[in-house]
Structures are given as structure tokens and as C-alpha cells.
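K.L.:
below are the sequence and a predicted model for it; my questions follow.
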2 protein chains.
Amino acid sequence: MKKTARKKSRATKVKGRQPKRRVPAPKATKAKGPPAKRKAVRRSAEDRLQELRQRLLEISDLGAVGSVLGWDEATYMPTGGSAGRGRQSATVSRIRHERAIDPALGRLIDSLTRHAESLPTDSDDATLVRVARRDYEKAIRVPADWVERSNKHGSASYDAWTRARPADDFATMRPYLEKTLALSREYAGFFKPYDRIADPLIDMADEGMTTASIQKLFADLRRELVPIVRAITAQPIADDRCLRGTFREQPQLAFSLDVAARLGYDLDRGRLDKTHHPFCTRFGAGDVRITTRVREDDLGDALFSTVHEAGHAMYEQGVAAALDGTPLGGGVSAGVHESQSRLWENVVGRSRAFWEHFFPALQRLYPDQFQGVALDTFYRAINKVERSPIRTDADEVTYNLHVMMRFDLELDMLEGRLAVKDLPDAWRARMQADLGLEPADDRDGCLQDVHWYYGGIGGGFQGYTIGNILSAQFYAAAVKASPGIPSEIAAGEFKTLHGWLTNNLYRHGSKFTPDDLIERATGEPMTMRPYLAYLRGKYGELYSLPAAA
Amino acid sequence: MKKTARKKSRATKVKGRQPKRRVPAPKATKAKGPPAKRKAVRRSAEDRLQELRQRLLEISDLGAVGSVLGWDEATYMPTGGSAGRGRQSATVSRIRHERAIDPALGRLIDSLTRHAESLPTDSDDATLVRVARRDYEKAIRVPADWVERSNKHGSASYDAWTRARPADDFATMRPYLEKTLALSREYAGFFKPYDRIADPLIDMADEGMTTASIQKLFADLRRELVPIVRAITAQPIADDRCLRGTFREQPQLAFSLDVAARLGYDLDRGRLDKTHHPFCTRFGAGDVRITTRVREDDLGDALFSTVHEAGHAMYEQGVAAALDGTPLGGGVSAGVHESQSRLWENVVGRSRAFWEHFFPALQRLYPDQFQGVALDTFYRAINKVERSPIRTDADEVTYNLHVMMRFDLELDMLEGRLAVKDLPDAWRARMQADLGLEPADDRDGCLQDVHWYYGGIGGGFQGYTIGNILSAQFYAAAVKASPGIPSEIAAGEFKTLHGWLTNNLYRHGSKFTPDDLIERATGEPMTMRPYLAYLRGKYGELYSLPAAA
């Protein structure tokens, strides 16, 4: 889906190369030079806060610029652009990092601490100073040479992985992964002391969580989940043939985008494009884009990945305008973010009520494929539970087992119980134990996810399951506040739900810690109760399940 | 035309937000801190050259990043992105400017001057140091506060113009234009001493040209051109009804892009998108993009603007890889650049030989529209000469009169003979005198071009006519070297022409001055002889013309 009607913009005005501005255009800023040092003592707190905001805005803008480069790389960049783009992205990242660790920024934050402490704790300004300090102190702990080594290695490893995975070639990836593991351990070391080596890595993605708290959470969830999975997978697999067929691409994209817009994704501040792997990216409050992929032989792929990414995007679009351009101006943690994609994709988008409204439209769009298909058949198809070796293909019941297994394996590697060379076997054993199946090869085994081959080892997976748990907790809280939500959904109306989420989550951006935010929104700490009730209710209706423990 | 098959790229690998790199990724560089000062005396010339290249690469990359932001703004950015994008672009420009005027860069260039003078004048290194010095010395003459004022004013003026032009509202634009004039005069003042105030402005776009040299050139051309225009416009207007009709958008785009690729535009390093105003933009040797607009009721618009921009793009794609990322890695001047767009658009793309090959394909594409239309009818239609009040609608014969008139009017304003308030009348009078017609309003009069309302006054127009003149001169030199070129064109083959241009122009980037480049490529300085011969030959066949003076 490309928007073709575009307002006239500054960059469009020229036929050919002329005219251009004579000189590159700087912008007024107080961030030039080291003004904090120069006269921090004489300036008012408001002046210094203003400088802080300006410095943080520049850091935020450079981050957004990097995101634009990444979006373009993933969507439209011709193949020849790779080398230059890699360099341009690295340049922007380096400059952003230079700004983020500028000692003048540190002094400025210091000079504002007493003032911030005099403000109400929850005020935007007090939070801003606090979060700026946290980010600064984290950034300066990491030596530039580690960042450089890690960056170079990550690019090389990712590049190798793109070839090694299709070739089912773990041997090639082994030395890369060993180095990635070493780099991840080294990184954790910058944040000593810690209880467990994965703690700093987890905290980075899901502030406030630790190895121990996630282990407890996962053990508890596992205890409840495994019997449900066993009971379902012992029964006949749902018939989802109605989702296979030939679904032309354009109507799929149009329908998916219509659904996303109906849910509340604002297309004046967003757009949908195609990529190999769907993602959501934020350039600012006014521009939050999503991408999807389309399979003409599988209706669900584009549709549910679009709704999933629209969930991320609505969160980002809903952040209060006042927080835009600050470190508070974006979703708070991996888990809370994922809760929004999963809430819209699964709790809403795979509900019967939702399809009571949308299925007739889908039938009109693809009359040949859906003639004579009952709503109930379609509903069962989109909620089919089937053990799969691939995480991204997993249904919402078995998905968490994939996450837990990765979490445990990376902990074993980080804590020295599992050598990289033994990973493929360990993967197979765990897959067999948890899901009763074995991947045919490493391609669909321990090579399947990009995370370890690019992002590092540790902290990258738990957010998915935290998100599943929170999706039900937030939804239950919303329905408790507004019991009419389910019937609104059946009527294709989402304003009440979207409004509740905006009010209780989205608008706060990263102002509160995840724990704080969850408790403010739902009245209690994270709990898996609503999630289990959701699974039991939904899948109990679709399958016979054992009584709750 | 979107390319949908895309290679897997680093930014695409994530579903949702995770994983991401833990820390923004810096890149190895010698440009950090002021190393030139630190130990310039001890380091070898090669070390210092390496540092110079690294610094210039960073400046070039930041320029490319700004171009990506501009391309996105013009193609796909949702309306809500405007404010953030403006700020992000300004931030990147400002940082680029800071790097460009870094005193350490100046010292580094100083320290390399003796070494550069010991090298062969035409070597890449000697040229690099020379051009780096020229750019640095120009950049530091312009005070930051002027840049800031000009940037702010330009944005405001452009913004106002986008509304004032459709409203035919010159009164609103008058104060903006007065300030633009003042800023342009102030800018010229930074480059005192000069003979004429427009000289520094002209030199910026077309190095080596002056007010006086252009006035002479234009007077000479005018003397020859006016009788041709008079003779043609006294005759019946060609019938171009075959270009009007209904031409569906997608086939137009596909055909235009096929033609561009056939000419030599490399789609592995480029792409075509739609914008309000066609343009070409370079992010590096591996990524040079073009845009076009499409009118379903006018076949010529997308086709010829695509070929025009492809001409610019082939020039940029043809620059030697060794020059990429340096100030030499791009086309040399507005005039030489425009010569390539005009050569491909007009000399090649509106030639009879070209359409001997391509017209049958066009007939197959739009059988209803072109059934029974003879090649000759089509050829006459695409070369119709008709006086128009609008420069961008002008044919290749009358086009130069539009350029000359703008050049003279801006000179009158810069030199104080014409007040901004009198511009609309002066425009009408000159239009009447030169083309014998009067625009209905200021919208199609002095408000029609963006140049004065964004880029400044002075130096922005002469390149178009220089380009026309040079297009014929370069083409004649190529045909002289390879007389088979015209028959190759009739066979849809462009390799020899493209190869000659690459060898004699494109690969040199900005290594030589325009004058030097022209003489090296064609064996003589710029001359309008081939251009007049081209016009007389082509239009003499289409119309009866007076004998050459």
C-alpha cells in the first residue's frame, strides 16, 4: 500500500538538481560547545532544563534519522546501496553516541539533580532528569572500543547468518556465536556487580526484571501451560484449509491496512510497506510506520502481522506529544510493548467477536475462497494449535514454550553450562522434551532466529512471553473498566478499548517503570491470572481442557 | 514502480521491536578529536591524506543522510511527519556544517598543501586537496548566523509560497522575496571582492562562469534563437492530440523505467518513485534514485521526465568508484549536469531514430490510443513548439527564452534596477516582448518557479541553458568519435554513447573544472555551434526556417 497523494514538500520542488540551498542549514541550539561548564552556576534551572531538552532532542533526532535509514534499507533501497548505507548508519550512530556520552551532558544532569528532586516525583521534568541520568550512566559504562568491536562483529555475524541459515550450516556460525557470547558476557561485566550475569542484559530490555524473577515467572507459567498444551495437542488438529488458497496481494494489503486503521492506527501519522520481516519503527510522534509481508497462499500472514505491528504502532502513536523527542517519548519496555502487539493481534484480532464484524467483508473480498465457509470454521482455523519447530509460526498457546526454551538456553550459555558447540544438540533435546518434536535440521533449529546472530545473547526473548501475559492483564483491566468493550468489538468499534489503553498506557511513554505502569493501569503487579483465564476460556471452548489447577 | 523483490537486509530481521543492538554503533575513524593539531608534524603525508579522506567521507555521508531524509519526505512520508522531519534534517545539516568548518580540517588541509603540490596536478590526491581547500574556504566565509537566518527564512518562504502560488497571491510573497533578495545580496557580500554582485552566486552553481560571460553567451544565443522561434511560431502548431487521452499509470511507469534501464540507468543502483516534482538524488555510487510524476491524460510527462532524470542519474552512477565519498564524487556543475538530462531527454529521447525503435512497443502498450498513428505524427507531437507562459512546459526551442528572462530579472533585482514590488509587471512586460504572450496571472507568472521562493535569488537558472548548449556539444563530440551512434539509437542500442559519456564525462565526477572538462571531452571550449546546428537540423526538417546567420 503506497500513499500516492502527497502534500508538496520542501524536498520535492526541483526538476533536476537545481536549485539547492547554498549552505547546509544549521539550526539554533544551545547544545554547541560546553555551555554547561561555561556558566551552569549562573543560569536558572529552567534555562538548564531547556538545554537538557535540546541536547536530548538532538540525540532523539539522530536516533530517528538512523531509523529512517533502516526503514529505507528494509523497504526500498536498491541492492547497490548496502555498503554506503552501512557506513552512513554507522556514522549517524557514532555521532549519536558521542552526544549521548558528552561529559557536558553529564555535568548538566548533575547540575539539575537537586532541582529535579524538588519537583513532584511524577512530573515530566523530574522524570526527565532521572531517566536522562540513568541513560547517561549506562552509556558511559560501555567503552567505545567494545561498541566498535561489537558493531563490526554483529554486522559480520548477521551477514554470515543470512547465508548459513538457508545452507543449514551451523559449523560456520559456531565461531561467530562464540564471539557473540564472549561480547555479551563482556558487556554484562560493565554493569558489575550483579547477581546473575544475564541480569544487566535483561534489565536493558525489561527494566526491573532479573534472571531470578523471570525464572520464577516462567516456571509458574510452565506449570499451568504444559497440561493445556498436552490436552490440546492430543486432540485432532483444527482444519485451516480455508486460509490456504490463492489470495491476491493487493486486496490482502488493503484489507489489512483497513483493519489497522479501524483499530485506531492513524494513517496521517503512519503507513504500511512490505518487507521480508514485519516491523514497526518510530521516527517521532507524527511518523510511526509498520511493515508486513504477504504470502498469496496464506491469508493469515499479512493480516495478523499487520495487526501485530499496528499494536506496536498505536502504542507509539499514543505517547503524549509533550514527551516527543525526549527519552520518555516511546514505549517503556520490550514486554509492555509486546503486550500491545499481542493484545491487538490475539486477544482482539483472533477473537470470535472481532470476526463477527470483519468476516463478511473478507468473504466479499475473496468470494471464491470463502463461499460456504462458516464463521466458526474460519475462527477455528485462525486459532489452530499445532506444535511447530518454528517460533514465529507458533500459535498463542505453544508460543511461550519456544520463548522459555530460548531463555534457558541462553542462560546456560552465559553461565557456562552449555558450550556453543553443543547448542544444536541441546536445542533438539529441549524441543523434544517440551514440544515432542525434533526439527529436521539446524536451519529450523538453533539457526532459526536472528537474535543470537545479530543482537547478542541474553535478554532478547523474555519480552515475548511477558507481552503475552500482560496482553490479557491489560485487556481484562480495560473490560473491567468498560464492560461494553467485547460487544463494541463485535460491532467493529474499538474506540473505548483504544481510549483506555491510550489513557492508561500509551500516553505515559517511558515515564514510569514497567512495574509502576502495570500497577497504575491494572491495580496490581504483573499477574498471569488473566492470561491463563483467557487461554482456558478461549481454548476450553475450542478443545476439551483439564480443569484448572 | 516499486521493486518488491528485495534482498534481506540488516534492518529487516525483527518481528516487532526486538532485538536491537544494545548500544548505538560507532565506527572506527581517525576524525575524532583534533588529531591534525595533535601530531600533524610527525605523521606521514599518506596518514594525513587518509585522515582527510575520512573527514571528507563523514561530511559526504552526512550529506547523503540528508538526501535520504529529503527523498523520503518527497515520496512516502505521511503528512504527520513534517515537523519532526524538518527538525531532523536541520540537525543533520547543522552537524554536517560543523564538520565542514572544523578548524582541524583547515589545519589538515594546510598541512597537506605542499605535498599535494608535489603530485601531478591531475592526480586524484592533488585534486582532492585542492577541492577540499576550495570548499573549506567557501564554507568558513559564511557566518553561522547567516546560515541560520537564511535557513529559517527559506523554510518559511517556501511554506508560504506553497499556498500563495495556487492563490495567485504575490502580495503575500513580496516581503518574503524582499528578504530573500537581501539575504542573497548579503551572501554575495561574503565573497567580496567581485566584479558583479551575482558573480559569487553564479560561481557556486557553475564554477568559472560570471555575470559577464553569461550575458555574452545569452546575447549570442538570443540573436540566433529569436529568428528561429519567430519562424516556427508563425507556422501552424503541430498536432499532438495523440499524446492526450487516457494512459493508465502503471504501464506508463513500467515503460518509462524500461526505457531508462535500456539507456543505461542501472536499477541495481537506482529506482524510480513518484513525486509531485521529478528529481534525481544521489546517496552514493551504489544508490542514485530518480522520481517522476504521472498524468494519465498526458503521455509525455512521465516518460520524458523519467528520461530527463535518468540522464542526471547516469551521470552520477558513472562517477569513478574511487571518487565516491569525496567532494569529487558527483557531477561537476549545474550546467554540465543539465547537459546530461537534456542530452538524454531531448537529443536522444525526442529524436526520430529513438522512436523508430521504441514506438512499436508503445503502440503495443496502448493499442487503442496509437492505432493508426504514424511514427511521424508521434514524432511531430513530441517535438511540438508552442509558446507557453510556463517554463517547465516549454519546448526545447523556446525554453531558453524563459531562462534568459529569469536571469536578467534576477540581475536587475540584485543590482538594484528592479524593486521586488515591480517584479510582476516587469515579468509581464518581458514575457510579452520575448514570447508575445502574457500570463493570465502571477501564479503562471513570477510565482511559477520555486527557485526564488526557496533557494535564493541569483545563480539558479543559467544552468538550464548552459545544459542545452552543452548537450549538443557533447553529443556531437560523441558522434564524431563514433559515427555509428545514430544508427545504434535507431536499433535501441545506447552502449557506445553511454560509454563515451562515461569515459569522457561521468567517471571524472568533479575532478576537473567545467571548462577543463568540456575542453578535454570535446576538444574545444563551450560553443553554441553544435546546439544551433542541432536545432536548425531538427526543426528545419519539421518547419521552414530562415537561413542561418
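P.N.:
Ah, there it is.
K.L.:
I'd like to know how far A:Thr281 sits from A:Ala322.
P.N.:
22 Å (Cβ to Cβ, to the nearest Å). In this view, the C-beta of every residue, glycine as well, is placed from N, C-alpha and C.
K.L.:
which one of those two has more residues nearby?
P.N.:
Shown here are A:Thr281 and A:Ala322; by other Cβ atoms under 10 Å in any protein chain shown, A:Thr281 has more neighbours (22 against 14).
K.L.:
isn't that one right up against A:Leu69?
P.N.:
No: using Cβ atoms under 8 Å, A:Thr281 is not in contact with A:Leu69; the gap is 10.5 Å.
K.L.:
could you find the closest non-adjacent residue to A:Gln363?
P.N.:
Computed as Cβ to Cβ, 6 or more residues apart in numbering or on different chains, the closest residue to A:Gln363 that is not its neighbour in sequence is A:Phe370, at 4.2 Å.
K.L.:
list the contacts of that neighbour.
P.N.:
For A:Phe370, the contact set (Cβ atoms under 8 Å, 6 or more residues apart in numbering or on different chains) comprises A:242, A:359, A:362-363, A:378.
K.L.:
helices - which of the residues you listed land there?
P.N.:
Taking DSSP state H, the ones among those that sit in helices are A:359, A:362-363, A:378.
K.L.:
just those now: which is nearest B:Asp61?
P.N.:
A:Leu362 (46.3 Å; Cβ to Cβ).
K.L.:
next, find the distance separating the closest one from B:Leu267.
P.N.:
36 Å.
K.L.:
who has more neighbours out of those two?
P.N.:
A:Leu362 (20 against 16).
K.L.:
rewinding a little: next, format the ones in helices among the contacts of A:Phe370 as TSV and append pLDDT.
P.N.:
TSV is the format used below for the ones in helices among the contacts of A:Phe370 (pLDDT from 0 to 100):
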residue	pLDDT
A:Phe359	97
A:Leu362	96
A:Gln363	96
A:Phe378	97
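K.L.:
among these, list the two that are farthest apart in space.
P.N.:
It's A:Gln363 and A:Phe378 that sit farthest apart of the ones in helices among the contacts of A:Phe370, by Cβ to Cβ, at 8.9 Å.
K.L.:
between those two, which one's more packed in?
P.N.:
A:Phe378 (21 against 16).
K.L.:
surely that one touches A:Glu356?
P.N.:
No: between A:Phe378 and A:Glu356 there is no contact, the gap being 10.7 Å when judged by Cβ under 8 Å.
K.L.:
pLDDT weak spots in chain A?
P.N.:
A:1-42, A:548-549 (pLDDT under 70).
K.L.:
apply 50 and report the result again.
P.N.:
For chain A, the stretches flagged by pLDDT under 50 are A:1-40.
K.L.:
what about stretch A:445-461, near chain B?
P.N.:
Yes: residues of stretch A:445-461 contacting chain B under Cβ under 8 Å from any Cβ of the partner chain: A:450-451, A:454-456, A:460-461.
K.L.:
pick out the most distant pair among the residues you listed.
P.N.:
Pairwise over the residues of stretch A:445-461 next to chain B, using Cβ to Cβ, the maximum falls at A:Tyr454 and A:Phe461, 13.6 Å.
K.L.:
okay, now A:Glu338: neighbour count?
P.N.:
Around A:Glu338 there are 29 residues (other Cβ under 10 Å).
K.L.:
which element is it on?
P.N.:
Per DSSP states H and E, A:Glu338 falls inside helix A:334-342.
K.L.:
contacting residues for A:Arg133?
P.N.:
Counting by Cβ under 8 Å, 6+ apart, the residues that A:Arg133 touches are A:109, A:113.
K.L.:
got the phi and psi for it?
P.N.:
phi -60, psi -50 (degrees, to the nearest 10).
K.L.:
measure it to chain B for me?
P.N.:
17 Å (Cβ to the nearest Cβ, to the nearest Å).
K.L.:
still on that earlier bit, out of A:Tyr454 and A:Phe461, which sits in the busier spot?
P.N.:
Using other Cβ under 10 Å as the criterion, A:Tyr454 and A:Phe461 rank with A:Phe461 on top: 27 against 23.
K.L.:
got any residues that touch both of A:Tyr454 and A:Phe461?
P.N.:
Common contacts of A:Tyr454 and A:Phe461 (Cβ under 8 Å, 6+ apart): none found.
K.L.:
count of neighbours near the closest residue to chain B within the stretch 351-500 of chain A?
P.N.:
Minimum separation of the stretch 351-500 of chain A from chain B (Cβ to the nearest Cβ) falls at A:Gly455, amounting to 3.2 Å. By other Cβ under 10 Å, the residues close to A:Gly455 number 24.
K.L.:
from memory it sits against A:Gly154, does it?
P.N.:
Yes: using Cβ under 8 Å, A:Gly455 is in contact with A:Gly154, at 7.4 Å.
K.L.:
just the helices in the stretch 251-400 of chain A please.
P.N.:
Counting by DSSP state H, counting those that start in this stretch, the stretch 251-400 of chain A has helices at residues A:299-318, A:334-342, A:352-365, A:367-370, A:375-382, A:399-414.
K.L.:
who does the fifth one touch, helix- and strand-wise?
P.N.:
Contact partners of helix A:375-382 among helices and strands, from 3 or more Cβ pairs under 8 Å, 6 or more residues apart in numbering or on different chains; DSSP states H and E: helix A:352-365.
K.L.:
which strands and helices sit next to the helix it packs on?
P.N.:
helix A:249-263, helix A:367-370, helix A:375-382, helix A:485-490.
K.L.:
how does it look with 10 Å?
P.N.:
helix A:249-263, helix A:299-318, helix A:367-370, helix A:375-382, helix A:485-490, helix A:529-542 (3 or more Cβ pairs under 10 Å, 6 or more residues apart in numbering or on different chains; DSSP states H and E).
K.L.:
how about those helices in CSV, adding distance to A:Arg443?
P.N.:
Output for these, formatted as CSV (distance: least, Cβ to Cβ, whole Å):
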stretch, distance to A:Arg443
helix A:249-263, 26
helix A:299-318, 19
helix A:367-370, 31
helix A:375-382, 27
helix A:485-490, 39
helix A:529-542, 30
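K.L.:
winner for burial among the ones you listed?
P.N.:
helix A:299-318 (a mean of 26; mean count of other Cβ atoms under 10 Å in any protein chain shown).
K.L.:
and the angle for that one with helix A:352-365?
P.N.:
120 degrees (axes from the mean of the first three to the mean of the last three Cα atoms, to 10 degrees).
K.L.:
send the alpha carbons of helix A:299-318 over as PDB?
P.N.:
Written as PDB, here are the backbone C-alpha positions of helix A:299-318 (Å, rounded to 0.1, in the frame of the first residue of the first chain):
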ATOM      1  CA  LEU A 299      -4.200 -15.300   4.200                       C
ATOM      2  CA  GLY A 300      -3.100 -15.100   7.800                       C
ATOM      3  CA  ASP A 301       0.400 -13.900   7.400                       C
ATOM      4  CA  ALA A 302      -0.100 -10.300   6.200                       C
ATOM      5  CA  LEU A 303      -3.300  -9.800   8.100                       C
ATOM      6  CA  PHE A 304      -2.100 -10.800  11.600                       C
ATOM      7  CA  SER A 305       1.400  -9.400  11.200                       C
ATOM      8  CA  THR A 306      -0.100  -6.100  10.200                       C
ATOM      9  CA  VAL A 307      -2.400  -6.100  13.200                       C
ATOM     10  CA  HIS A 308       0.500  -7.100  15.400                       C
ATOM     11  CA  GLU A 309       2.700  -4.200  14.200                       C
ATOM     12  CA  ALA A 310      -0.300  -1.800  14.300                       C
ATOM     13  CA  GLY A 311      -0.400  -2.700  18.000                       C
ATOM     14  CA  HIS A 312       3.200  -1.600  18.500                       C
ATOM     15  CA  ALA A 313       2.500   1.400  16.400                       C
ATOM     16  CA  MET A 314      -0.700   2.500  18.200                       C
ATOM     17  CA  TYR A 315       1.300   2.400  21.400                       C
ATOM     18  CA  GLU A 316       4.000   4.700  19.900                       C
ATOM     19  CA  GLN A 317       1.400   7.000  18.300                       C
ATOM     20  CA  GLY A 318      -0.400   7.300  21.600                       C
END
